[in-house]
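Asks: Okay, here's the prediction I keep looking at, along with the sequence it came from:
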Amino acid sequence: MIKKETGMKQMKNRKVMLGIIVLTAICGCRSVRTHESILKEQISGLDKLGNVMVITREDGSGTRSTFSQLTGFYEKNKETGASDLTRTDAETADSASLVLETVAQEKNAIGYVSMGALDDAQGVKVLQIDGKTLNTETVKKGTYPLSRSFYIAYYENDNELEQEFLRFIRGKGQETVEKQYVAVGKASTFVSLKPKGTIIVDGSTSIAPLMEVIAEEYMQQNPEAEIVIEESDSSKGIDSVIKRNAEIAMSSRELKDYEKELLDYETIAKEGIAVVVNEKNPLETITLEQLRKIYIGEIDSWKQLNE
C-alpha cells in the first residue's frame, strides 16, 4: 500500500511538474513576444502602402536638428548644404501642424512633431520607438529615445520687465508646463511688481504655443506689460536675440557653442518628439535604426520593414 501510494504521489508530482513546465513555456513565449519578436513578424498590409513619403521640418528647425541628432544622421550634407543627411526627396513642412495635416492625408507618409502638437491631431498614429511609448512618464524617466529639452536664451541685463517675466517662467509658469510636458522646476507663488514695457519672444514653433499661454497668464497679473510671441524657428529666434531684434529666444534644440558664449540660456521644460504615420498604417512600433534608414534614403518602401 505504501509503495502504491508513493507511486500515485509520483504520478501526481509528474503531472504537476509537467503542468508547471507547460505553463512556464507558455508564459515564456508570451513574455518573449515583446518588441524584438514583434519586429520580426511580417506586418500585414505594409506592402500595399508603396513607397515611404518622408516628411521633415525646414533646415533651422530645432525639432529637425534634435531628431536628426538622436536618430543618428546629424552630419553636414555636402551635396545640399543642409545641416543633416535627410534624403533630398523628403517633403519639407515649416510647422508641426503642416506635418500632421500631410500625414493625415497621405496613407504612406511618416513625419515627426513635438508631443505638444498632438492634442488636436486627427487621422494620425503615434509609433512606439524601440518599444517605448511616448508620454510624460517615459520622458521624465529618460527611457523614451526621442526625449529633449525646451530652452530659452537671452542677454543678461537689468530690464525689470524681462527679469520678472523670466522669474514667472521659472516659477508660476511651471504649472502650465506640467499640463502638457515635464516641468523642470517647482511651481511657486508669484507677485508682480507690474513693470511696464514690451518684450518680443521669437523662435521655435514647437515652444510657441506653450509660451503664448505662459505669456497670457503673466499679462493677467501685469496688465502694464505686453509679451509678443513670434514664431519662426529655433535658429532664427536665437539669431534675432543676438541681433537684438528680440529679447528672448525659444529653442527646441540645444544651443551651439558660439550661441552659448554670446547668450545666457536655461531649460524651461522637457518633452518628446513623436513619430507619426497615417492612422491606416498597420505599423505600431519602429526602431531608431529603421527611422535613420528611412530618413537618409536607405529604406524607400514600407515593405522593406518586413525584410
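Replies: Yep, it's here.
Asks: Strands along this structure, start to end?
Replies: 53-57, 91-93, 109-114, 124-126, 128-129, 147-154, 182-183, 197-203, 225-231, 248-251, 264-278, 285-286 (DSSP state E).
Asks: and the third one, what other elements does it pack with?
Replies: In terms of contacts (3 or more Cβ pairs under 8 Å, 6 or more residues apart in numbering; DSSP states H and E), strand 109-114 is packed against strand 53-57, helix 62-71, helix 96-105, strand 264-278. C-beta here means a position set from N, CA and C on the backbone, and glycine is covered the same way.
Asks: related to what we said a few turns ago, tell me which of the strands of the chain sits nearest to Gly45.
Replies: The closest of the strands of the chain to Gly45 is strand 264-278. By Cβ to Cβ, the value is 11.5 Å.
Asks: the inter-axis angle of that closest one versus strand 147-154?
Replies: 140 degrees (axes from the mean of the first three to the mean of the last three Cα atoms, to 10 degrees).
Asks: excluding its backbone neighbours, what's nearest Glu212?
Replies: Computed as Cβ to Cβ, 6 or more residues apart in numbering, the closest residue to Glu212 that is not its neighbour in sequence is Ile229, at 5.0 Å.
Asks: Show the contacting residues for that neighbour.
Replies: Taking Cβ atoms under 8 Å, 6 or more residues apart in numbering, we find Ile229 in contact with 201-202, 208, 211-212, 215.
Asks: picking up where we left off before, next, format the helices and strands packed on strand 109-114 as a markdown table and append distance to Glu178, mean neighbour count and mean pLDDT.
Replies: Shown next, in a markdown table, are those (distance: least, Cβ to Cβ, whole Å; neighbours: other Cβ atoms under 10 Å; pLDDT from 0 to 100):
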| stretch | distance to Glu178 | mean neighbour count | mean pLDDT |
| --- | --- | --- | --- |
| strand 53-57 | 26 | 23 | 98 |
| helix 62-71 | 21 | 24 | 96 |
| helix 96-105 | 20 | 20 | 97 |
| strand 264-278 | 9 | 22 | 98 |
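Asks: can you redo those as JSON lines with distance to Ala249?
Replies: Shown next, in JSON lines, are the helices and strands packed on strand 109-114 (distance: least, Cβ to Cβ, whole Å):
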{"stretch": "strand 53-57", "distance to Ala249": "17"}
{"stretch": "helix 62-71", "distance to Ala249": "10"}
{"stretch": "helix 96-105", "distance to Ala249": "18"}
{"stretch": "strand 264-278", "distance to Ala249": "8"}
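Asks: Poorly predicted segments of the stretch 101-250 of the chain, please.
Replies: Along the stretch 101-250 of the chain, no part satisfies pLDDT under 70.
Asks: where do the helices sit along it?
Replies: 136-141, 160-170, 173-178, 208-221, 234-242 (DSSP state H, counting those that start in this stretch).
Asks: for the fourth one, the distance to its chain's centre please.
Replies: The gap between the average C-alpha position of helix 208-221 and the chain average comes to 22 Å, counting by Cα atoms, centre = their mean, to the nearest Å.
Asks: what's the residue closest to the geometric middle of the protein?
Replies: Centroid-nearest residue in the chain: Ile273, 1.2 Å away (criterion: Cα atoms, centre = their mean).
Asks: and that residue, bridged to which residues?
Replies: Going by DSSP bridges, Ile273 is paired in beta bridges with Ser114.
Asks: my guess is it meets Arg148, correct?
Replies: Yes. In this structure Ile273 lies within contact range of Arg148 using Cβ atoms under 8 Å: 6.4 Å.
Asks: what touches both of these two?
Replies: Joint contacts of Ile273 and Arg148 (Cβ under 8 Å, 6+ apart) are 66, 70.
Asks: about what we covered before: closest to Gly297 out of the strands of the chain?
Replies: strand 53-57 (8.4 Å).
Asks: Off-centre distance for that closest one?
Replies: 15 Å.
Asks: Next, the angle strand 109-114 makes with that strand.
Replies: Using the same axes, to 10 degrees: strand 53-57 against strand 109-114 is 20 degrees.
Asks: which neighbours does strand 53-57 have in its sheet, and in what orientation?
Replies: For strand 53-57, pairing defined by DSSP bridges yields strand 91-93 (parallel), strand 109-114 (parallel).
Asks: Tell me which of those strands is the most buried.
Replies: Comparing those by mean neighbour count (mean count of other Cβ atoms under 10 Å), strand 109-114 comes out on top with a mean of 26.
Asks: got the contact list for that one?
Replies: By Cβ under 8 Å, 6+ apart, the surrounding residues in contact with strand 109-114 are 52-57, 63, 67, 93, 96, 99-100, 102-103, 146, 206, 252, 271, 273-278, 294.
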